[in-house]
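Chemist: Kindly return the folded structure for what I paste below:
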Amino acid sequence: MRERWWQGPVAAAGVAGLFALVGGCGGPVASAPRLDPGVSPTAQRTAAVIDYPPFIGVLAEGADHWCTASVVDSPKGNIVATAAHCVHEPEGGEKRTISFAPGFSGEGSGKQPYGTWKVRAIQVDDRWQEQEDDPYDFAFLTLEPDAEGRDVQDVVGAAGLDWQSGPERQVTVIGYPEPGHNPDNRPVTCTTGSTLDPDLPGMLRMECAGFWNGTSGSPWLTGYRGSDRPGKLIGVLSGGDTDAESTAALFGSPARALYQRALKA
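Modeler: Numbers count the residues shown, from 1 in each chain. Predicted coordinates for the structure are as follows:
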């Protein structure tokens, strides 16, 4: 996980009471990390700005937004995935009203072209909650229907999930850098190879510049061919030493267990 980076009053956010505990798992709000916003080292690839994939967006409270999240396929169409450190602060804090804004865009407070969906419950692995153990830096959020009674997946679509992926894959990573590097709040993307991180067991690693603060929680997708063919999620962006080196926890049975609990929340 990177050093925490917070935007606006959401910095001190906690969501105690909002989330559902998962056999010792649960979680409140928090932050959007990425290490010091310094000069990135030379990288083989650099992220490109793209149009707004509808199923990918930001976590928001009022005019403040932080971290990236994505809709994942579920029977009820109401589940999104993000990083645990984006929604859980170990020391807790006041209740917040967190929403998911898919297809977010626009300067300043931005626009929400599809509306917003309120987070009803948050599932975080207890190994992250207790120890901030990097291989468990993922979370699944259960959303309420929107003001029109629609579930998010019915409106914007969803990526599939792969619980048995190997680490060496061609991945497309899509996320929202913080406004200092992205004043128009446009998502960036990079398609490159992933490998096991030699320094962090259980973690994926990729090299691509441009993934600054705010991109935590970004989906790592295999088989992505555009919004109508989003492929499958194998992890979410967790951290990295610079904007050019990113890591993600590889989804497996622990992530699947959290997802199953999110379905029941």
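Chemist: Helices of the stretch 151-265 of the chain, residue ranges please.
Modeler: Using DSSP state H, counting those that start in this stretch, the helices of the stretch 151-265 of the chain run over residues 152-156, 253-264.
Chemist: Dump the ones you listed into JSON lines; add mean pLDDT and mean neighbour count as well.
Modeler: Just so you know, the C-beta spots here come from the backbone N, C-alpha and C atoms, and that holds for glycine as well. Output for the helices of the stretch 151-265 of the chain, formatted as JSON lines (pLDDT from 0 to 100; neighbours: other C-beta atoms under 10 Å):
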{"stretch": "helix 152-156", "mean pLDDT": "97", "mean neighbour count": "21"}
{"stretch": "helix 253-264", "mean pLDDT": "97", "mean neighbour count": "18"}
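Chemist: Now tabulate those in a markdown table and tack on distance to residue 75.
Modeler: Shown next, in a markdown table, are these (distance: least, C-beta to C-beta, whole Å):
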| stretch | distance to residue 75 |
| --- | --- |
| helix 152-156 | 10 |
| helix 253-264 | 7 |
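Chemist: Nearest to residue 228, out of those?
Modeler: Evaluated over the helices of the stretch 151-265 of the chain, closeness to residue 228 peaks at helix 152-156, with 11.3 Å, by C-beta to C-beta.
Chemist: Please compute how far the closest one lies from its chain's middle.
Modeler: 17 Å (C-alpha atoms, centre = their mean, to the nearest Å).
Chemist: tell me what it is packed against?
Modeler: If you count contacts as 3 or more C-beta pairs under 8 Å, 6 or more residues apart in numbering; DSSP states H and E, helix 152-156 packs onto strand 64-72, strand 99-102.
Chemist: Just the C-alpha atoms of the last one, please, in CSV.
Modeler: This file holds the C-alpha atoms of strand 99-102, laid out as CSV (Å, rounded to 0.1, in the frame of the first residue of the first chain):
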residue,chain,number,x,y,z
SER,A,99,-21.4,6.9,-3.1
PHE,A,100,-20.1,5.4,-6.4
ALA,A,101,-20.2,7.7,-9.4
PRO,A,102,-19.6,5.7,-12.6
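Chemist: tell me, what residue is most central in this protein?
Modeler: residue 217 (2.0 Å; C-alpha atoms, centre = their mean).
Chemist: how close does it sit to residue 184?
Modeler: For residue 217, the distance to residue 184 equals 20 Å [C-beta to C-beta, to the nearest Å].
Chemist: now residue 78
Modeler: Separation of residue 78 from residue 184 (C-beta to C-beta): 29 Å.
Chemist: Same check on residue 70?
Modeler: The gap separating residue 70 from residue 184 is 20 Å, by C-beta to C-beta.
Chemist: Counting neighbours, go ahead and name the busier of the two.
Modeler: The residue with more neighbours, out of residue 70 and residue 184, is residue 70; 27 against 11, by other C-beta atoms under 10 Å.
Chemist: low-confidence ranges in this protein?
Modeler: 1-44, 47-50, 89-95, 108-109 (pLDDT under 70).
Chemist: what about 80?
Modeler: Along the chain, the parts satisfying pLDDT under 80 run over 1-52, 89-96, 107-110.
Chemist: Could you identify the longest strand within it?
Modeler: As assigned by DSSP state E, the longest strand anywhere in the chain is strand 232-242.
Chemist: Which strands or helices does it pack on?
Modeler: strand 64-72, strand 79-82, strand 160-161, strand 170-175, strand 203-207, strand 219-222, strand 245-249.
Chemist: out of those strands, which comes closest to residue 150?
Modeler: Nearest of the helices and strands packed on strand 232-242 to residue 150, taken as C-beta to C-beta: strand 64-72 at 12.4 Å.
Chemist: Give me the angle between that closest one and strand 170-175.
Modeler: Note on geometry: by axes from the mean of the first three to the mean of the last three C-alpha atoms, to 10 degrees, strand 64-72 and strand 170-175 are set 150 degrees apart in direction.
Chemist: gap between strand 64-72 and the chain center?
Modeler: 5 Å.
Chemist: got the angle for it vs helix 253-264?
Modeler: On the basis of the same axes, to 10 degrees, strand 64-72 is oriented at 100 degrees to helix 253-264.
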